[in-house]
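>>> this one's sequence-less:
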């Protein structure tokens, strides 16, 4: 069970994500943004949080053009699993692996706090360990987490059960309080909150741990 | 040759930064301000003869996120 975590200049949650994946039983390879291929046999790619390329131009826009992201897109096209957290979510929307875009928070402030996160669907390898409607305590830490898409896209995501998580309250202006969305094959998840920062007792919450455990469970079975 | 690319949020997309600037202007007493949209201008130095279609591709692939933004190109 092999996971790869991409590393861009300015990534800062890459090692946290590695720790959380390792604790769930994954072997983890760190992949540099200039790499053109993923290690053979990778089951899951993690695109971590941070400020890739200094958030220049738009958050995630330059990372989306990095050579490694072409390999990640190929991995996704083959049905591989991809988890993008925070800046990773922004990168996945910029590569168009996920619909919509992350805009500046409606209140214009960087928000760093633990929030209520509502599980909208247990129907994915990422969320299979949670119950529908379960409320998790997960930290957010972002300036640009205001998820936006046109009404047709939002309706389609809702209709197909692809809204994975919603904020319990309106924290950043995101359309329909969406905090995380799935791809149409449900194997790519992008989310602004940080489950890897709620994975150990010392973090104050361990509600994120079940995401990595559920992923491990799915991949072992596969 | 040069090209000037202007990137703005699409009409209908809420612009929180523009709204904050509007608030600040009204706070300064500029009551005439009814709305502010904030965007960005990108100047490109190009090899002579670069066609506008190539600049358009640059906009679509990197300079603008067409999910939320629109762009205009001025060649000079």
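Happy to help now that I have it. Since this is a predicted model, take the numbers as computed values, not measurements. Numbers count the residues shown, from 1 in each chain, chains lettered A, B, ... in the order given.
>>> Give me the three-state assignment for residue 74.
You didn't say which chain, so I picked chain A. Using DSSP: H, G, I helix; E, B strand; the rest coil, the structure places residue A:74 in helix.
>>> Count residues in the vicinity of it, would you?
Neighbour count of residue A:74, defined by other C-beta atoms under 10 Å in any protein chain shown: 12. All C-beta spots, glycine's among them, are computed from the backbone N, C-alpha and C.
>>> Show the contacting residues for residue 42.
If you meant another chain, say so; for now it's chain A. By C-beta atoms under 8 Å, 6 or more residues apart in numbering or on different chains, the residues touching residue A:42 are A:2, A:3, A:4, A:29, A:75, A:80.
>>> nope, chain B please
For residue B:42, the set of contacting residues under the criterion of C-beta under 8 Å, 6+ apart consists of B:4, B:5, B:6, B:7, B:63.
>>> For chain B, what lies in contact range of chain A?
Those residues of chain B that sit near chain A, judged by C-beta under 8 Å from any C-beta of the partner chain, are B:13, B:14, B:16, B:17, B:20, B:61, B:62, B:63, B:65, B:67, B:68.
>>> Helices - which of these land there?
Of the residues of chain B next to chain A, the ones assigned to helices by DSSP state H are B:16, B:17, B:20.
>>> mean confidence for stretch B:43-55?
Here the mean pLDDT over stretch B:43-55 is 97, rounded to a whole number.
>>> can you tell me the distance between the two ends of that stretch?
With C-alpha to C-alpha, to the nearest Å applied, stretch B:43-55 spans 11 Å between its terminal residues.
>>> Show me the contact partners of that stretch.
B:1, B:2, B:3, B:4, B:5, B:58, B:73, B:75.
>>> Wasn't the fourth one part of a strand?
It stands for residue B:4. Yes. With three-state DSSP as the criterion, residue B:4 is assigned to a strand.
>>> Now the host helix or strand of residue A:153: buried residues?
Assessed by DSSP states H and E, residue A:153 sits inside helix A:151-159. The neighbour-count check on helix A:151-159 (16 or more other C-beta atoms under 10 Å in any protein chain shown) flags A:154, A:157 as buried.
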